[in-house]
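K.L.:
this is the structure alone, sequence omitted:
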């Protein structure tokens with residue numbers, strides 16, 4: 001949370017910070033746990049993709065690569081039918097509002113796998129682990145946050161995994 005106070009304040013960022021720090025969510029905002037995860041995405045934004053792959057994605061755009069909200073009255077199959085291209089795994093959150101999610105799904109290859117977890121941290125954990133179970137690489141726009149979770153939370157391949165300086169710096173600040 002302390003690290004997020006150094007970011008350039010935008011409305012979306014301020015809402016995430018308020019949600020993460022408080023039990024009372026901003027209207028139409030995510031719950032405090034998902035807000036904290038999305039703040040981490042702001043702290044570890046997608047990296048520039050270089051000359052061969054121009055076009056930098058913002059952290060706000062990367063949120064859609066991590067989690068998508070859908071009203072509970074809409075069918076999961078409708079969401080799957082609307083997918084036009086294959087993408088990396090992401091969370092589909094079903095609920096009446098973002099701060100009150102009833103169920104989570106991991107969407108992979110136009111299939112929705114129900115999460116056992118009912119909370120946002122558990123669903124994020126299952127999404128992270130799905131990359132290993134299915135042998136999938138991280139989406140380039142989520143690489144920083146997932147490498148951070150891999151090396152800092154799970155201590156997987158620490159020292160062997162290539163980290164950006166920002167990931168290494170944040171991990172060092174949090175560990176010490």
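P.N.:
Arrived safely, thanks for sending. Given the structure is predicted, the values throughout are model-derived calculations rather than measurements. Numbers count the residues shown, from 1 in each chain.

K.L.:
neighbours around the nearest residue to residue 175 once chain neighbours are set aside, how many?
P.N.:
The shortest distance from residue 175 to any non-neighbouring residue, by C-beta to C-beta, 6 or more residues apart in numbering, is to residue 152 (7.3 Å). C-beta coordinates here come from the backbone N, C-alpha and C atoms, glycine included. Here the number of neighbours of residue 152 (other C-beta atoms under 10 Å) works out to 18.

K.L.:
can I assume residue 152 is in contact with residue 174?
P.N.:
Yes - taking contacts as C-beta atoms under 8 Å, residue 152 lies within contact range of residue 174: 6.7 Å.

K.L.:
roughly how far does the residue nearest to residue 175 sit from residue 88?
P.N.:
Relative to residue 88, residue 152 is positioned 21 Å away (C-beta to C-beta, to the nearest Å).

K.L.:
picking up where we left off before, the residue nearest to residue 175 belongs to a helix, doesn't it?
P.N.:
Yes - under DSSP: H, G, I helix; E, B strand; the rest coil, residue 152 sits within a helix.

K.L.:
roughly how far does it sit from residue 66?
P.N.:
For residue 152, the distance to residue 66 equals 17 Å [C-beta to C-beta].

K.L.:
tell me the contacts of the residue most central in space within the chain?
P.N.:
With distances taken as C-alpha atoms, centre = their mean, residue 66 lies nearest the centre of the chain, 3.9 Å away. By C-beta atoms under 8 Å, 6 or more residues apart in numbering, the residues touching residue 66 are 37, 38, 41, 90, 91, 127, 142, 145.

K.L.:
the second one against residue 63, yeah?
P.N.:
When you say that, I think you mean residue 38. Yes - with contact defined as C-beta under 8 Å, residue 38 reaches residue 63; the gap is 5.9 Å.

K.L.:
more neighbours: which of those two?
P.N.:
Each of residue 38 and residue 63 has its neighbours counted (other C-beta under 10 Å); residue 38 has more, 27 against 22.
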